[in-house]
Structures are given as structure tokens and as C-alpha cells.
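K.L.:
Dropping the sequence and predicted coords here.
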Amino acid sequence: MTILQAHFDGTSIVLDEPAELKPNTKVKVMVEPESNLKSDDSSQSKGTDLLSIFPKPVDMGIEDLSEQHDHYLYGTPKRK
């Protein structure tokens, strides 16, 4: 399956980028509006989707979290 970005111009669905399809290829179009996503604005930086979910890191007060993550996640004994 290939996902293509497109927009509706009031009459037709128009692809936002060229598609590598042979002429007269039949395709199935499933419409899923992206109304909950921000529009592509040149003032917005790319790659900020995670920042909208997790705006800043949370200090958990654990100094060795990255080294002992199995201990904190699964309860395994701490490694030396």
C-alpha cells in the first residue's frame, strides 16, 4: 500500500506530489481528513509532532534510568 498526500480543490482530489503510477492504473481512494493536524506552514519547523505531545522532558529523579531501564521497567535486578 502506498499513501499519497493530496488535497481537494473543490472539484477534484489533487495529488500534492507526483505518483509513480502507470497511466490508467485503477486505485482505491480512502478519504481521511487531516483537519486535526496543523497545516503545512513555512513558519513551523519540521519534526515537532512529538513536541506537541511531549512538550518538555519530565525529571523523574532517577540518575541511572538509561543504564538500568530493565530494572525500572521489568523489575530485573540492577546491573553493575
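P.N.:
Cool, got the structure.

K.L.:
Dead centre of this protein: give me the residue that sits there.
P.N.:
Asp49 (6.5 Å; CA atoms, centre = their mean).

K.L.:
Just the strands from this protein, written as ranges.
P.N.:
Listed in chain order, the strands of the chain (DSSP state E) span residues 6-8, 13-15.

K.L.:
of all these, which lies closest to Leu65?
P.N.:
Ranking these by their distance to Leu65 (criterion: CB to CB) puts strand 6-8 first, at 42.6 Å. For every residue, glycine as well, the C-beta is placed using N, CA and C.

K.L.:
What pLDDT is listed against Asp16?
P.N.:
The score at Asp16 is 91. That number is its pLDDT.

K.L.:
The one 5 residues further on too?
P.N.:
On pLDDT, Leu21 comes in at 87.

K.L.:
Going forward, count from 285.
P.N.:
With 285 as the first residue, the last one maps to Leu305.

K.L.:
quick one: it from Val311, how far?
P.N.:
Using CB to CB, to the nearest Å, one gets 7 Å for the distance from Leu305 to Val311.

K.L.:
So for the two, which residue has more residues nearby?
P.N.:
A side-by-side neighbour count of Leu305 and Val311, using other CB atoms under 10 Å, places Leu305 first with 12 against 8.

K.L.:
tell me the contacts of that one?
P.N.:
Leu305 makes contacts with Val311, as judged by CB atoms under 8 Å, 6 or more residues apart in numbering.

K.L.:
Could you measure from it over to Ser296?
P.N.:
As for Leu305, its distance to Ser296 is 16 Å (criterion: CB to CB).

K.L.:
Pass me the low-pLDDT residue ranges in this protein, would you?
P.N.:
The model of the chain has pLDDT under 70 over residues 320-332, 334-335, 339.

K.L.:
all helices of it, in order?
P.N.:
Assigned helices in the chain, in chain order: 333-337, 353-358 (criterion: DSSP state H).

K.L.:
Kindly compare burial across these and name the winner.
P.N.:
Comparing these by mean neighbour count (mean count of other CB atoms under 10 Å), helix 353-358 ranks first with a mean of 12.

K.L.:
List the contacts of it.
P.N.:
For helix 353-358, using CB under 8 Å, 6+ apart, the contacting residues are 346, 349, 360-363.
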